[in-house]
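J.: Everything below, folded, please.
(chains A, B, C and D)
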Protein chains: 2
Amino acid sequence: MRSYGQHCGLAKTLDVIGDRWSLLIVRELLLRDGCRYTDLLHGLPGISTNLLVDRLRDLERAGVVARDEAPPPVATTLYRLTARGKELRPAVLALGRWGAPLLAKGSDDEAFRSHWMALPVEIVFADHAPKGTPMAIELRTGDEPVVIEAADGAIHTRPGTAEDPDGVLTGPPRLVMAVLAGKLTWEDARARAGVRGRPRGAGPPPPPLRCARGLGGRGDRLV
Amino acid sequence: MRSYGQHCGLAKTLDVIGDRWSLLIVRELLLRDGCRYTDLLHGLPGISTNLLVDRLRDLERAGVVARDEAPPPVATTLYRLTARGKELRPAVLALGRWGAPLLAKGSDDEAFRSHWMALPVEIVFADHAPKGTPMAIELRTGDEPVVIEAADGAIHTRPGTAEDPDGVLTGPPRLVMAVLAGKLTWEDARARAGVRGRPRGAGPPPPPLRCARGLGGRGDRLV
DNA sequence: CGGCATCCACAGTGATACTG
DNA sequence: CAGTATCACTGTGGATGCCG
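T.: Got it, this is the predicted structure:
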């Protein structure tokens, strides 16, 4: 992208990550560090192969992304964020939070990937993350099952299933998102017949899901 | 801009403000709400007139910007941010903070506008703003003098001069920025002969300028 | 002068096909 | 799997013109 040529922090940032797709590539690497080229392609529905290469090169030159020639067992190149790249997390979260209310109006033919769920979860739990008690929630809602694990205030996501999850959420992405964002109680969601939650112990839903302040912050309903 | 078509908060945000120049327009309106078209043109060196109109229309449709047909004394249309638009502030600040280290490498032929200074100032003082005691710093460093006023944790900027400022900073933008960012002490700056500070009472420099943590966060020098 | 609209050369983008 | 190549298309930047 052409530089703005302005002596301003925001303009400088946009010089680096203001290109189309750039920040979404950063999103992918924030969610799943150490991605293969194909993983990125899959996580960025709509991008074309040449653009992905171009952007990765640009971000590499800018010191945001690094490529590791993988050791024998993997035998492929892995893309990851540099330390500098990881510093984009607060900005990405802030932008993501701003866009949360817009998710309500999204049409149903939009692309969706399960692991994107980790972003709103991290946003919602940003200030009151479950400190001591580790927690695992399994989501079966998109292209693949993912597990969101919280421990010591940090949130991780990995593809796959959990051994003994504190809850399992099944249903269309929109509804699952609403539950996680605190816009919908576990029971409401179940009443709408789209969401099947299985809180551990068959008791009340896991507390963090209910006390979450929610994404929109003004009571917007996501569904 | 073409929509990404992804059911993701970040992607939705970029659908709205991901266009080239869009976020810089938001910056301008965050810094000086109620701008005339010409003010925006001046605050966005490099933008072309047609693009500014296009973007303003887009942002208006998106509910980020509103236009007020001005009352008689002004007799022109004023652009301002909607409440929704103002919610972009945390994201803009986060992005601006990320770009702060990049300001060091900026060439000298970059465009600069004095009122942009309010952004780094707000970032630096974000967490430990001077609460009780109001403060005013006058900057004479760019195209026009500006006064940065802090009171009750809020930071305002206005063009013009202050009656009895707590300090006056004169010099090239780079150095003034460094002082405000806490990268350079008042004395160091003065020693480099570019900055002339006049703390009130001829005593030590105003405390907030020295205790500021700084923009870069890792001791990067801005000059 | 403020607030646009029009026109044009060009760089960036997106879809597809192809390759080691 | 990880790109490269090609090409039609769209968005951008710059200039300039119009109009109250």
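J.: make it CA atoms for all contacts and neighbour counts henceforth
T.: OK.
J.: any idea how chain A splits into domains?
T.: By the assignment in automatic domain parsing, chain A contains the domains A:9-87, A:114-211.
J.: Which secondary structure state does residue A:101 sit in?
T.: Three-state assignment for residue A:101 (DSSP: H, G, I helix; E, B strand; the rest coil): helix.
J.: how near is it to residue B:63?
T.: Distance check for residue A:101 against residue B:63: by Cα to Cα, to the nearest Å, it reads 13 Å.
J.: who's more crowded, the two?
T.: Higher neighbour count among residue A:101 and residue B:63: residue A:101, with 21 against 15, using other Cα atoms under 10 Å in any protein chain shown.
J.: Would you convert the domains of chain A into TSV that also reports mean pLDDT?
T.: Supplementary listing: the domains of chain A in TSV, determined by pLDDT from 0 to 100:
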stretch	mean pLDDT
domain A:9-87	92
domain A:114-211	71
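J.: For residue B:155, find the nearest of these.
T.: For the domains of chain A, distance to residue B:155 was read as Cα to Cα. The smallest value, 17.8 Å, belongs to domain A:9-87.
J.: after the longest helix seen in chain A comes which helix or strand?
T.: The helix that spans the most residues within chain A, counting by DSSP state H, is helix A:49-61. Beyond helix A:49-61 in the direction of the C-terminus, DSSP states H and E gives the next helix or strand as strand A:65-69.
J.: That following strand pairs with which strands, and in what direction?
T.: When pairs are called by DSSP bridges, strand A:65-69 turns out to pair with strand A:77-81 (antiparallel).
J.: now check the strand it pairs with, is it near DNA strand C?
T.: No - contact between strand A:77-81 and DNA strand C, assessed by Cα under 7 Å from any atom of the strand, is absent, since the two come no nearer than 11.7 Å.
J.: Now that strand: buried residues?
T.: In terms of neighbour count (16 or more other Cα atoms under 10 Å in any protein chain shown), strand A:77-81 has its buried residues at A:78-81.
J.: what's the answer for stretch A:40-54, then?
T.: Of the residues in stretch A:40-54, those buried by neighbour count under the rule 16+ other Cα under 10 Å are A:40-41, A:43-44, A:52.
J.: Any figure for the gap between the residue nearest to residue A:115 when sequence neighbours are not counted and residue A:43?
T.: Beyond its immediate neighbours in the sequence, the residue positioned closest to residue A:115 (Cα to Cα, 6 or more residues apart in numbering or on different chains) is residue A:146, lying 6.4 Å away. Here residue A:146 is placed at a distance of 14 Å from residue A:43 (Cα to Cα).
J.: returning to what we had before: give me the subset of the buried residues of strand A:77-81 touching DNA strand D.
T.: Residues shared between the buried residues of strand A:77-81 and the neighbourhood of DNA strand D are residue A:78 [Cα under 7 Å from any atom of the strand].
J.: which one among the buried residues of strand A:77-81 gets closest to DNA strand C?
T.: residue A:78 (14.8 Å; Cα to the nearest atom of the strand).
J.: For residue A:95, see how far away residue A:102 is.
T.: Using Cα to Cα, we find residue A:102 at a distance of 12 Å from residue A:95.
J.: and what of residue A:146?
T.: Residue A:146 sits 23 Å away from residue A:95, going by Cα to Cα.
J.: got it, and residue A:64?
T.: Counting by Cα to Cα, the gap from residue A:64 to residue A:95 is 18 Å.
J.: ok, the two, which is more surrounded?
T.: Each of residue A:64 and residue A:95 had its neighbours counted (other Cα under 10 Å), and the higher figure belongs to residue A:95 (26 against 21).
J.: now that one, what's its secondary structure?
T.: Under three-state DSSP, the three-state class of residue A:95 is helix.
J.: so it sits right up against residue B:15, yeah?
T.: No - taking Cα atoms under 8 Å as the contact criterion, residue A:95 and residue B:15 are not neighbours in contact, 11.3 Å apart.
J.: What residues does chain A have near DNA strand D?
T.: Chain A comes close to DNA strand D at residues A:2, A:36-39, A:49-50, A:53, A:76-78, as judged by Cα under 7 Å from any atom of the strand.
J.: For the residues you listed, name the two members farthest from one another.
T.: Across the residues of chain A next to DNA strand D, the two members that end up farthest from each other (Cα to Cα) are A:2 and A:76, 32.1 Å apart.
J.: mind listing the helices in chain A by residue range?
T.: Counting by DSSP H, chain A has helices at residues A:9-17, A:22-31, A:37-43, A:49-61, A:83-86, A:89-99, A:118-124, A:173-180, A:186-191, A:207-211.
J.: which one of these lies closest to DNA strand C?
T.: The minimum distance between DNA strand C and these falls on helix A:49-61, with 5.4 Å, by Cα to the nearest atom of the strand.
J.: So the closest one, near chain B or not?
T.: No - Helix A:49-61 stays out of contact with chain B when judged by Cα under 8 Å from any Cα of the partner chain, the minimum separation being 13.7 Å.
J.: quick check, that helix touching DNA strand C?
T.: Yes - Helix A:49-61 comes into contact with DNA strand C when judged by Cα under 7 Å from any atom of the strand, the residues involved being A:49-51.
J.: Relative to residue B:24, which of those is nearest.
T.: Of all the residues of helix A:49-61 next to DNA strand C, the one with the least separation from residue B:24 (Cα to Cα) is residue A:51, at 24.2 Å.
J.: Tell me if I'm right that residue A:43 and residue A:28 touch.
T.: Yes - between residue A:43 and residue A:28 a contact is recorded at 6.6 Å, counting by Cα under 8 Å.
J.: ok, back up a step: want to try JSON lines for the residues of chain A next to DNA strand D, with distance to residue B:138 as columns?
T.: As requested, these are arranged in JSON lines below (distance: Cα to Cα, whole Å):
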{"residue": "A:2", "distance to residue B:138": "33"}
{"residue": "A:36", "distance to residue B:138": "51"}
{"residue": "A:37", "distance to residue B:138": "51"}
{"residue": "A:38", "distance to residue B:138": "53"}
{"residue": "A:39", "distance to residue B:138": "52"}
{"residue": "A:49", "distance to residue B:138": "51"}
{"residue": "A:50", "distance to residue B:138": "49"}
{"residue": "A:53", "distance to residue B:138": "47"}
{"residue": "A:76", "distance to residue B:138": "56"}
{"residue": "A:77", "distance to residue B:138": "52"}
{"residue": "A:78", "distance to residue B:138": "50"}
